[in-house]
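[1] this is a predicted model, with the sequence first.
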Amino acid sequence: MNLDQLFFDNFYTSPESRYKAPARINLIGEHIDYNGGKVLPAAISCYITALVSKRDDLVIATYSSNIGSKYAVELNKIKYSKEYDWANYVFGVFYTLRAAGYRIPFGLNILIDSQIPLGSGLSSSAALLDLVTYIANDIYNLGISMKNIAKIAQNCENSFCGLKCGIMDQAAIALGLRDKCILLDCAKFEYEYFDLNLGDYTFVVMKTNKPRSLVESKYNKRVEECEKALSLINQEFNVNNLCELKIEDLTRVEQLINDETIYRRVRHVVTENDRVYQFARALRHNNIELLGQLLDDSHSSLRYDYEVTGEHLDTIVEAAKVAGAVGARMTGAGFGGCAIALIKKEDFKQFKANVEHYYYSHIGIMPDVFNVDIVDGPSKDIDYHH
Ligand code: GLA
């Protein structure tokens, strides 16, 4: 359906501008952003779009073309409510901005149209939060930097939506740059760009199509386990976060923690952080074989030590390996969602068919296997002229 028409049908006026924000994948560095580690995500060509018009009252009204529902609330009455469902991610941004002291002098109509499947592990929620923050920044002239857009979006996810996530997704999307991945230091919130020049090779995305919700997953539990580990370790160490530990520290750490499960969580975090360094080096030297090995090791660590993969992700990664991938791993939070695989470009068609076949015959649902481009962060697409 034509989005301009849909906008008119819902808000009885025409859109004034159109914006978009991309999804993201994470190449490596999983579940370490909230542990002060380095991560290596990139924004991908899969977008969430918003059509917007100004209102002359103080109401934020929003409609989702995907879900077909509409919500409206006055700016000074915003609070989290289960009833608002996905619209919490729109309202929450305005709440967070106002709480941070930004002046929002009038309301907006916002139509959301998403190509990013909800709960797919490609960060549909961070994309929506970044997008709405970007729109508010542009329309109300708030002067917020892209880095701080990510920060506000993360605050909103943490305090308003209730997920104790790190900064990776919001930053990956806000700071996205064409053909580059972002080496993001989550402790210092500093970043540098890396060329993603893989010659004959490419990353593909494999979506398990297992539905999930992070807020309801064990995500927050993992964050709490890491907090607990940190306090146990600091009986003797003096570290600000788990990623300050070295692999050599693990023997002593194991004794201090004295809890097998919690220790495995720490072992994942420390080894994963090390893999990010190795991965960045391998990217510089175009060492494809090592990249593949590190992807495989990362997945095993997330599977056995961090326990966030599950049958669907394990099977799709296995399918990718059987189909000849150099390496494959889950990407994002896990618990379903998506995995990525590093393959030879010319093999794509056959690879896709093989993964689909293997996964379907083991799990009984069809996965989606697709190519993505690495793209720029949020932007204003269109200024409609009346
Ligand atoms: C989710 C969170 C991120 C990060 C990843 C796991 O995507 O939003 O902050 O923790 O999981 O690496």
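    Right, received. Where do you want to start?
[2] hey, let's count contacts and neighbours off CA atoms from now on
    Will do.
[3] quick one: the helices in the stretch 51-200 of the chain?
    With DSSP state H, counting those that start in this stretch as the criterion, the stretch 51-200 of the chain has helices at 88-99, 124-139, 146-155, 168-174.
[4] got a list of contacts for the shortest one?
    Think helix 168-174. 21-24, 33, 39, 41-43, 123, 126-127, 129-130, 146-147, 149-151, 153-154, 182, 184, 186, 377-378 (CA atoms under 8 Å, 6 or more residues apart in numbering).
[5] near the ligand, which of these show up?
    Among these, the residues lying close to the ligand (CA under 6 Å from any ligand atom) are Asp33.
[6] select only the buried ones of the contacts of helix 168-174 in PyMOL?
    To isolate the buried ones among these in PyMOL, judged by 16 or more other CA atoms under 10 Å, type:
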select buried, resi 21+22+23+24+33+39+41+42+43+123+126+127+129+130+146+149+150+151+153+154+182+184+186+377+378
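[7] on that earlier part again, can you redo the helices of the stretch 51-200 of the chain as TSV with mean pLDDT?
    Formatted as TSV, the helices of the stretch 51-200 of the chain follow (pLDDT from 0 to 100):
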stretch	mean pLDDT
helix 88-99	98
helix 124-139	97
helix 146-155	98
helix 168-174	98
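[8] pretty sure Cys243 contacts Gly36?
    Yes: with contact defined as CA atoms under 8 Å, Cys243 reaches Gly36; the gap is 5.7 Å.
[9] so who does Tyr84 touch?
    Counted by CA under 8 Å, 6+ apart, Tyr84 has contacts Tyr71.
[10] do a quick rundown of the strands in this structure.
    Assigned by DSSP state E, the strands in the chain fall at 17-26, 38-39, 41-54, 59-64, 69-74, 108-114, 180-185, 190-195, 201-207, 327-331, 338-344, 368-371, 379-383.
[11] pick the most buried one from those.
    Neighbour counts (mean count of other CA atoms under 10 Å) averaged over each of the strands of the chain peak at strand 327-331, with a mean of 31.
[12] each with direction, which strands does that one pair with?
    strand 338-344 (antiparallel) (DSSP bridges).
[13] now the partner strand against strand 17-26, angle please.
    Orientation of strand 338-344 against strand 17-26 (axes from the mean of the first three to the mean of the last three CA atoms, to 10 degrees) gives an angle of 70 degrees.
[14] dump the residue contacts of the closest residue to Lys352 other than its chain neighbours.
    With CA to CA, 6 or more residues apart in numbering as the measure, Val369 is the residue that lies nearest to Lys352, at 5.9 Å, once sequence neighbours are left out. Val369 makes contact with 204-207, 352, 355-356, according to CA under 8 Å, 6+ apart.
[15] check the gap between Val369 and Glu289 for me.
    When distance is defined by CA to CA, to the nearest Å, Val369 is 22 Å away from Glu289.
[16] what's the angle from the lowest-mean-pLDDT helix or strand in the chain to strand 41-54?
    In the chain, the helix or strand scored least confidently by mean pLDDT, DSSP states H and E is strand 379-383, which has a mean of 91. For strand 379-383 against strand 41-54, the angle by the same axes, to 10 degrees is 30 degrees.
[17] may I have strand 379-383 exported as CSV, CA atoms only?
    C-alpha atoms of strand 379-383 as CSV (Å, rounded to 0.1, in the frame of the first residue of the first chain):
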residue,chain,number,x,y,z
SER,A,379,18.8,10.0,7.3
LYS,A,380,16.1,12.3,6.1
ASP,A,381,14.9,10.9,2.7
ILE,A,382,12.3,13.3,1.6
ASP,A,383,11.1,16.8,2.3
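[18] so that strand versus helix 124-139, what angle?
    Using the same axes, to 10 degrees: strand 379-383 against helix 124-139 is 60 degrees.
[19] quick one: strands adjacent to strand 379-383?
    When DSSP bridges is applied, strand 379-383 pairs with strand 17-26 (antiparallel).
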